[in-house]
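> Okay, structure incoming, though there's no sequence with it:
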């Protein structure tokens, strides 16, 4: 499994509304959200990171080809995916694809890999 991680700034003043959106994704729209990630073949985890520069959303996408899956999810045209992309733009503005328009995050430390190294 491959993993990508990226941070997306929240637009100023959008954190409370973003939290309500996440509640919706964890509540009434949870099955649609999970199914969209299943179709793309990935597991997604999202974190909210407050910072002095503003709140950041940290996303990890794990699967066989998470970069391709991210592009697939953001360009899908089914009702849920269209709604999701529109809402994401409300909170983040334009979102660059993490593997094409923005430099990817560099994995610099992984305890799982360290545990596999011979002693």
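Perfect, I can see it now. If you're wondering where the values come from, they're calculated on a predicted model, not measured in any experiment.
> how about the nearest residue to the most centrally placed residue in the chain, chain neighbours excluded?
Nearest to the mean C-alpha position of the chain, by Cα atoms, centre = their mean, lies residue 59 at 3.5 Å. Distances taken as Cβ to Cβ, 6 or more residues apart in numbering place residue 46 nearest to residue 59, at 5.2 Å, with adjacent residues excluded. All C-beta spots, glycine's among them, are computed from the backbone N, C-alpha and C.
> Name all residues that make contact with that neighbour.
Residues near residue 46 by Cβ atoms under 8 Å, 6 or more residues apart in numbering: 22, 57-60.
> does it sit in a helix or strand, and which one?
strand 42-49 (DSSP states H and E).
> Extract the residue ranges of the protein that are flagged as low pLDDT.
Counting by pLDDT under 70, the ranges of the chain that qualify are 96-104, 113-119.
> what's the single longest helix in the chain?
For the chain, the longest helix by residue count, based on DSSP state H, is helix 79-92.
> Off-centre distance for that helix?
Mean-position distance between helix 79-92 and its chain equals 12 Å (Cα atoms, centre = their mean, to the nearest Å).
> Likewise for stretch 35-48?
That offset, for stretch 35-48, works out to 8 Å (Cα atoms, centre = their mean).
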